[in-house]
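Participant: After the sequence you'll find the predicted model.
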Amino acid sequence: MPECDLSDPECRLAVVDYAPYTRMPVHDHATLGLAIVLRGTVEETVGRTTEQAGAAGLVIKPPGTLHSNRFGPTGARLLSLEFRRSRAEELVSADALRRWRWLHDPAVLRLAAGALHRVSVLAPAAERGDALLSGLLELLAGETQRGDGRRPPIWLCAVRDRLHAEYMGPCPVRELAREAGVHPVHLARVFRQHFGASVTRYLRAVRIRAAASRLGEPGTRIAEVAAAAGFTDQSHLCRAFRAAVGVPPSNYRALVRAG
């Protein structure tokens, strides 16, 4: 499990690689941990809850969170930020950091790219960690304002699941609504209420996450990544990726692979 550790007494920022099919039994950490999946897949279980995450997945783990992990067939590369006990006790007073949870949002990749760039220019560890934490807290604050706290209806979950399963092809709202048995306008309104984005924007986010994961794999061409992620061509991917992540796919690939 090679890692690039750039730390100070208060925090550690590291790029960590996990081999394919690695399993980690139940364990915990004395630190407050935040990790962003840069490529590959990870499954994490806390109690009876299991989360699966690919690129752009962000996990928050307060100190003492008992969890187990399993990594996918291509392994995974994570950007990990950990705060030592003294700083962790100060930070977990923030509502956003009090409980274990996963967030899946391409905006996370923008923060990861910024942190990886700071590593490449050897910015001080405290500066890198604080900048990444500040961005994550801002993102989490916006996330808590979405929805009304209610669970999405079953039919809406089916729509979301189809977007994840069939993101490489077209998923027109009218067709999704017809299969769900609701009016397209109703689908659009309820989808935005629960997931904080339009169907089109949500689908684009799924495609960007898929592209980001493949960009981290060796031997992949950007044109191939674009086709596999459901974009019409390389230019389409580049425009969408840069708008979401802040850097073009080629730059992101270089940052992630250099780690």
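Facilitator: Yep, it's here.
Participant: who does the lengthiest strand in the chain pair up with?
Facilitator: Ordering each strand of the chain by length in residues (DSSP state E) puts strand 67-83 first. Paired neighbours of strand 67-83 in the sheet (DSSP bridges): strand 11-18 (antiparallel), strand 23-27 (antiparallel), strand 32-46 (antiparallel).
Participant: So for the longest one, what gets flagged as buried?
Facilitator: Read it as strand 32-46. 32-42, 44, 46 (16 or more other CB atoms under 10 Å). Where you see a C-beta, it was placed from the backbone N, CA and C, and this is true even at glycine.
Participant: Over to stretch 236-246?
Facilitator: Leu237, Cys238, Ala240, Phe241, Ala244, Val245, Gly246.
Participant: so how far is the first residue of stretch 165-173 from its last?
Facilitator: 15 Å (CA to CA, to the nearest Å).
Participant: which residues sit against that stretch?
Facilitator: For stretch 165-173, the external contacting residues (CB atoms under 8 Å, 6 or more residues apart in numbering) are 162-163, 184, 187-188, 199-200, 203, 206-207, 210, 228-230.
Participant: I'd like the average pLDDT over it.
Facilitator: Stretch 165-173 shows a mean pLDDT of 92.
Participant: next one: stretch 139-146
Facilitator: 66.
Participant: Likewise for stretch 38-57?
Facilitator: pLDDT averaged over stretch 38-57 gives 94.
Participant: That stretch spans what distance, first to last residue?
Facilitator: 8 Å.
Participant: roughly how far is that stretch from the heart of the chain?
Facilitator: Here the centre of mass of C-alpha atoms in stretch 38-57, compared against the chain's by CA atoms, centre = their mean, to the nearest Å, lies 9 Å away.
Participant: hang on, the earlier thing: could you dump the strands paired with strand 67-83 into TSV with distance to Pro62 added?
Facilitator: Below are the strands paired with strand 67-83 laid out as TSV (distance: least, CB to CB, whole Å):
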stretch	distance to Pro62
strand 11-18	15
strand 23-27	14
strand 32-46	6
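Participant: quick one: which of the ones you listed is nearest Asn69?
Facilitator: strand 23-27 (4.3 Å; CB to CB).
Participant: Please list the outside residues in contact with the closest one.
Facilitator: The contact list for strand 23-27 (CB under 8 Å, 6+ apart) reads Leu66, His67, Ser68, Asn69, Arg70, Phe71.
Participant: Extract the C-alpha set from it and format it as CSV.
Facilitator: The C-alpha trace of strand 23-27 is given here as CSV (Å, rounded to 0.1, in the frame of the first residue of the first chain):
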residue,chain,number,x,y,z
ARG,A,23,-10.1,-6.4,2.3
MET,A,24,-9.6,-4.6,5.6
PRO,A,25,-11.3,-6.1,8.7
VAL,A,26,-13.2,-4.0,11.2
HIS,A,27,-11.0,-1.3,12.6
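Participant: what's the average pLDDT for that strand?
Facilitator: Rounded mean pLDDT across strand 23-27 is 97.
Participant: Also stretch 227-234?
Facilitator: 95.
Participant: Quote the end-to-end distance of that stretch.
Facilitator: Stretch 227-234 end-to-end distance (CA to CA) = 8 Å.
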